[in-house]
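>>> Pasting the sequence and the predicted model now:
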Amino acid sequence: MSDAQDVVLAADGLTKDFGGFRAVNGVDLRVRRGSIHALIGPNGAGKTTCFNLLTKFLSPSAGSITYDGRDITKMKPADVARLGLVRSFQISAVFPKLSIRENVRIALQRRSHGDSFDFWRSERVLRALDADVMTLIEDVGLADYADAQAEDLSYGRKRALEIATTLALDPDMLLLDEPMAGMGHEDIDRIAALIRRVAAKRTILMVEHNLSVVASLSDRITVLARGAVLAEGDYASVSKDPRVIEAYIGAGHG
């Protein structure tokens, strides 16, 4: 596979201005197919803004974004999702009063029938999804909680359910915005293992503050600082880069 074919998501000169403030400044990014790519940087580095540009929740002031060889710069998030580029947690398909099984079934129905949740369909038709529902639930490690209400889950298991409802859309590429935020060690280990399993069949781009997670999961890392790319490479190389060390120390982060 050539280098061009190997790149599934690309940004060229990606820039975002808010009034007189340039939050993202000429970012070039190449995410290789089948990889786990992390976007990191100290607070205020522009990670979230860059992520929102890539997932089409913001429109760039300048630059372009290409997904699987197609220019998606001006496309809407829902249209990009239909192409296979899906941001986790973007569809809000977790209903707190419903069970895990019901939540995942609704997400699968949405994939099959667009924005209609098909509540009117017969029980027999809905039961046809049961095998797929349980496969997804097992894939994210929630088989023992299939009939529990979503609101009763621990924080980490709620994240696993959110990932399950995203996987129900069958994305080719999954974008995760700080998947470990607010988690304890046990949940972090569980979700990290889940991401590793999910990545066996997909490309993943994630923004993540937890550098130990980044070190253990990522094939490639892009470091942002002040809205621009500061360094890129594997964890071993970027973690030793004097510019990266200075950026984190200067921002008050070790």
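Here it is on my side, so go on.

>>> low pLDDT regions in the stretch 1-150 of the chain?
1-5, 89-93, 112-128 (pLDDT under 70).

>>> Just give me the neighbour total for residue 96.
Residue 96: 11 surrounding residues under other C-beta atoms under 10 Å. The way it works is simple: take the backbone N, C-alpha and C, and place the C-beta from them, glycine included.

>>> and it, what does it touch?
Taking C-beta atoms under 8 Å, 6 or more residues apart in numbering as the criterion, residue 96 is in contact with 149-151.

>>> sec struct for it, please.
What DSSP: H, G, I helix; E, B strand; the rest coil gives for residue 96 is coil.

>>> ok, it to residue 32 distance?
37 Å (C-beta to C-beta, to the nearest Å).

>>> hang on, the earlier thing: what subset of the contacts of residue 96 is buried?
The neighbour count (16 or more other C-beta atoms under 10 Å) marks residue 150 as buried among those.

>>> now, which of the contacts of residue 96 sits nearest residue 60?
Closest to residue 60 out of the contacts of residue 96 is residue 150 (34.9 Å), distances taken as C-beta to C-beta.

>>> Spatially nearest residue to that closest one (excluding sequence neighbours)?
Of all residues not flanking residue 150 in the chain, residue 96 sits nearest, at 5.0 Å (C-beta to C-beta, 6 or more residues apart in numbering).

>>> Run through the strands of the stretch 1-150 of the chain in chain order.
In the stretch 1-150 of the chain, the strands defined using DSSP state E, counting those that start in this stretch lie at 7-18, 21-32, 36-40, 62-67, 70-71, 85-87.

>>> State the distance from the residue nearest to residue 33 when sequence neighbours are not counted to residue 75.
In this structure, residue 33 finds its nearest non-sequential neighbour in residue 8, 4.3 Å apart by C-beta to C-beta, 6+ apart. Distance of residue 8 to residue 75, computed by C-beta to C-beta: 16 Å.

>>> Between these two, which is the more surrounded one?
residue 8 (23 against 17).

>>> In contact with the more buried one, which residues?
Contacts of residue 8 by C-beta under 8 Å, 6+ apart are 31-33, 67-68, 172-173, 203.

>>> of these, buried ones?
31-32, 67-68, 173, 203.
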